[in-house]
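K.L.:
Structure for this input, please:
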Amino acid sequence: MKLPEQQLLSSSTDQQATTIMLIIPPLALAALTLQLTTTYEQRYQCYTKAKAVASGERLVRAATFSLTIASIIRSYKRKSIELFFLNLVNRKLTEEEEKLAWDEQHAFGADTLTKTITSMQGFYVKAAQIVASRPDSIPKEYADALSVFTDDNSPLPVEVIKGVIEKELLVEHGEQFHDVFEEFDEVPLGSASIAQVHRAVLTKKYGHKEVAVKVQRPSIEEKLMGDIANLKQVAKVFRGADLPVDYYAVFSELEEQLKDEFDFEVEASSMERMHNILSTDESGAQRESPIVTPRSVPALVSKRVLVMDFLKGIPLSRASDMMKSKGIASDGVEAKLFSRKLLKSLTTSFGWSILESGFFHADAHPGNIFVLDDGRIGLIDFGQVKQVDRDYRETVAKVILALDERKSDVNPEDLERIGNTTEGLGIELKDDAPVYGHAAIAMWLFDGSVEIFPDGYDENETSPNSPVKAMKEFPSDLVLLARSTVLVKGLARRFGVRWSLSQEWAPIARRVLNSGTQVTTKGTVEQHGESKSHRAKQQLKVWSEQKAKYIVAHLPAFMKKKALSAVLKHQQKRDTKKHISRG
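P.N.:
As a prediction, this is how the structure comes out:
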C-alpha cells in the first residue's frame, strides 16, 4: 500500500531508516550514562569550560535528536501497517478516512519534533526555521507546529546580557553601563538561536537615539557548530530519499555561512554594504531603497555585541494577528494591496542585490522580515549573507531573460534556451531525468506564475515529479540563492498572488548584462545606459508614488476604500495581461 503524497517519509526511506537505527544504540547508551550520572547544570558548566566534556554534551544532543527522528519514523511505519491491515481484514477505508488517519499521524509527529526542538534549542531552532519557511513542501501539521520557531526562543536573563555588554564594550574603555545607555529594556524584543535583542536609548554622548542591541549568547558557537554537524549526519543518511529538499546540501552550505555569523563586526560591515547596494545604483546615483535596513553605531560594535538602528514594527510572522486586531480582513483590499507591496519590496531588493552585486541576505524568513509602523518593509539580521562571483550572477541574469522572453511555457525552442542557460548554474540532472529538466528547474526557481510545467513536471515539491528531484544534488552556490527566491514564491502562493520573479527581475537583468545598445532575441533595439534623463524619470516616478500614497492616506474612509480597490484592480489587470501575453 502506497502512502499519500503528503506523508512526511515514504516507504522508499526504509533503508535509510534502518541505517539510522543502527547508529542510535551506542549514542543512546552514552547519552543515558551522562544523563544518569550528571545534572543538566553540571553538564552545561563543564560544556562551557572543557572541550572533552563539550564533546559529551554534543553526543547527548546528537543522541536525543536521533532518537526523536527514529521514534517518528517508527510511528509512521506502525501507522502504515495499521492502515494496511484495516483495509485487508476489515473494510477498505474511504479516501477521507485515510486522510484523517494520516493527518492525525502528522499531528503526532509534528508535536513530538516540536517538543524536542523546544527543549534543545541551538541550531535545531534554525533548522526548524528553514523547514517552516516552506509550508508548501511539508504537511500542514508540521508547518503550523514549526512556525513557532520563526522569532521566539527562550530568553537569557538580563543580568547575563548586561554582563556580555560590559565585557565586550565597556571594560576596555573604562565606562559604566549608564555612560552608554540611558534606557535599556529588560524584556528582549526577540531571542534567537545565536543572540537576543533588546531595545535601548543611548546617552547624549552616543547620539541619544533609540537603538536595538544584539547580544550573542555565551558559549553558543561550539554548541551550534556541533548541532549542525549532527544535522548533517542525519540528513546524509536520508540523502537520495524521496524528500522535497536536499537538506544535506542546505546544511553543508549553512555550516560555511554560519562561521561568520558569530562575528558581529562582520555583520555590521555586511549591513553597511547592503545599505549602500540598495540606496545607490550602479552609476552612483542615489535611489530609494525598496526596504529599510538598520545601520550600526560604529563605536558600539564588537565581535559579540552589535548596536544598531531600531526599526519600529512587527515581524511578518505576527502580521496576521495584527491585521485581525485592527479588523482588517485577510481577503480584503488592504490585505491584498499589502501582500503585493511586500512581494514587490522583497523582489526588488533581492533583484538589485543578487543581480547587480552578487551580495545578498541569505537568511530571510518571516521572523526577520518586518512590517514597520509607517507601512514600509524592513529586513534585519545580516549574520548570514552570500557573495557569488560576477560570472555566476550574470548567468542568473541570462536565465531570467530566457524565461522572460519565452513565447510560451511549452515552446521547444524556448525550453532549450532556458535549459542551456540554467545548466550554467552548475545544475546536474539525474540520468533518467526528462529532457527539459533544466528548464523546469528554472521555472520552479524564478517563475511562480507557471501553471503547467514541461515534461510532466509538477510544481509541488512533495510530488515525485517535482523538478527538484531531477537534480543529482543542489549546487552550493545555488542553495542560499534558491532559499531567497523560493521564500518569495512561497509568500506569493500563501497570499494567492500569481508572481513571476523572472518578469520582475528582467529589467534589472538587461541592465546588468548590457552597458550600451543591445539587440534582444526579439530583434528590438534597447538602450540601457544610465542617462541623466533616465535618472530624472526615476526620481519623478518615486516622487509621484509618494505623493499618491500621501493623498490616499488622507482621504475619507469611504473614498479611501474605493481608491484602494481601483489600485488593486489595476495591478491585477496588469499581472493578468503579462501572463496572457505569453500564453
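K.L.:
model confidence over the helix or strand where residue 298 lies, on average?
P.N.:
Using DSSP states H and E, residue 298 falls within strand 296-301. Averaging pLDDT along strand 296-301 gives 95.
K.L.:
mind listing what's buried in it?
P.N.:
Within strand 296-301, the residues that count as buried by 16 or more other Cβ atoms under 10 Å are 296, 297, 300, 301. Every C-beta, even on glycine, is put in place using the N, C-alpha and C of the backbone.
K.L.:
what packs against that strand?
P.N.:
Where contact means 3 or more Cβ pairs under 8 Å, 6 or more residues apart in numbering; DSSP states H and E, strand 296-301 is packed against helix 264-279, strand 305-309.
K.L.:
So which of those is nearest residue 468?
P.N.:
Closest to residue 468 of the helices and strands packed on strand 296-301 is helix 264-279 (Cβ to Cβ; 28.5 Å).
K.L.:
Any chance you could list what contacts that closest one?
P.N.:
Here helix 264-279 makes contact (Cβ atoms under 8 Å, 6 or more residues apart in numbering) with 214, 216, 260-261, 286-291, 293-296, 298, 301-306, 308, 349, 352-353, 356-357, 359, 361, 382-383, 385.
K.L.:
Give me the buried subset of these.
P.N.:
214, 216, 261, 289-291, 293-294, 296, 301-302, 304-306, 308, 349, 352-353, 356-357, 359, 361, 382-383, 385.
K.L.:
just the helices and strands packed on strand 296-301: most buried one?
P.N.:
strand 305-309 (a mean of 24; mean count of other Cβ atoms under 10 Å).
K.L.:
Can you give the distance of the helix or strand immediately after that strand in the chain from its chain's centre?
P.N.:
Using DSSP H and E, the helix or strand that follows strand 305-309 towards the C-terminus is strand 313-315. Here strand 313-315 is found 17 Å from its chain centre; the criterion is Cα atoms, centre = their mean, to the nearest Å.
K.L.:
Name the strands paired with strand 313-315 and say parallel or antiparallel.
P.N.:
Here strand 313-315 has these sheet partners by DSSP bridges: strand 369-372 (antiparallel).
K.L.:
neighbours of the nearest residue to residue 449 once chain neighbours are set aside, just the number please.
P.N.:
In this structure, residue 449 finds its nearest non-sequential neighbour in residue 500, 4.2 Å apart by Cβ to Cβ, 6 or more residues apart in numbering. Each residue near residue 500 was counted by other Cβ atoms under 10 Å, and the total is 23.
K.L.:
any chance you could read off phi and psi for residue 500?
P.N.:
In terms of degrees, to the nearest 10, the main-chain angles of residue 500 are phi -120, psi 110.
K.L.:
circling back to that earlier point, taking the buried ones among the contacts of helix 264-279 one by one, which sit in helices?
P.N.:
Secondary structure assignment by DSSP state H places 261, 349 of those in helices.
K.L.:
The strand holding residue 298 pairs with which strands?
P.N.:
Strand 296-301 pairs in its sheet with strand 305-309 (antiparallel), by DSSP bridges.
K.L.:
Low-confidence stretches in the stretch 201-350 of the chain?
P.N.:
238-247, 257 (pLDDT under 70).
K.L.:
I misspoke; the intended subject was the stretch 451-583 of the chain.
P.N.:
Counting by pLDDT under 70, the ranges of the stretch 451-583 of the chain that qualify are 462, 515-583.
K.L.:
same thing but 50
P.N.:
516-531 (pLDDT under 50).
K.L.:
Which parts of the stretch 351-500 of the chain are strands?
P.N.:
Using DSSP state E, counting those that start in this stretch, the strands of the stretch 351-500 of the chain run over 359-361, 369-372, 377-379, 385-387.
K.L.:
quick check, distance from the longest one to the centre of its chain.
P.N.:
The one in question is strand 369-372. In terms of Cα atoms, centre = their mean, the centre of strand 369-372 is set 15 Å apart from its chain centre.
K.L.:
avg pLDDT for it?
P.N.:
For strand 369-372, mean pLDDT is 94.
K.L.:
Show me which residues of it are buried.
P.N.:
Buried residues in strand 369-372, counting neighbours by 16+ other Cβ under 10 Å, are found at 369, 370, 371.
K.L.:
hey, where'd the helices end up in the stretch 351-500 of the chain?
P.N.:
Assigned helices in the stretch 351-500 of the chain, in chain order: 390-404, 412-423, 437-446, 476-495 (criterion: DSSP state H, counting those that start in this stretch).
K.L.:
quick revisit: dump the helices and strands packed on strand 296-301 to CSV, plus distance to residue 332.
P.N.:
What follows is the helices and strands packed on strand 296-301, written out as CSV (distance: least, Cβ to Cβ, whole Å):
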stretch, distance to residue 332
helix 264-279, 30
strand 305-309, 32
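K.L.:
Tell me which of the ones you listed lies nearest to residue 198.
P.N.:
Residue 198 sits nearest to strand 305-309 of all these, at 10.1 Å, using Cβ to Cβ.
K.L.:
Show me what the closest one is in contact with.
P.N.:
For strand 305-309, using Cβ under 8 Å, 6+ apart, the contacting residues are 164-165, 168-169, 200, 202, 211-216, 264, 267-268, 271, 294-297, 300-301.
K.L.:
same question, stretch 375-384
P.N.:
Outside of stretch 375-384, the residues within contact range by Cβ under 8 Å, 6+ apart are 192, 194, 212, 254, 257-258, 260-261, 264, 267, 270-271, 274, 290-294, 311, 313, 341-342, 345-346, 349, 361-364, 368-372, 480.
K.L.:
Can you tell me which of the buried residues of strand 369-372 is closest to residue 417?
P.N.:
Nearest to residue 417 among these, with distances taken as Cβ to Cβ, is residue 369, at 33.8 Å.
K.L.:
Show me the beta-bridge partners of the closest one.
P.N.:
Legend: beta-bridge partners of residue 369 under DSSP bridges are residue 379.
K.L.:
Next up, the contacts around it.
P.N.:
Residue 369 touches 315, 316, 342, 346, 377, 378, 379, counting by Cβ under 8 Å, 6+ apart.
K.L.:
Give me the distance between the fourth one and residue 356.
P.N.:
Relative to residue 356, residue 346 is positioned 16 Å away (Cβ to Cβ, to the nearest Å).
K.L.:
Having no further points to raise, I will conclude here.
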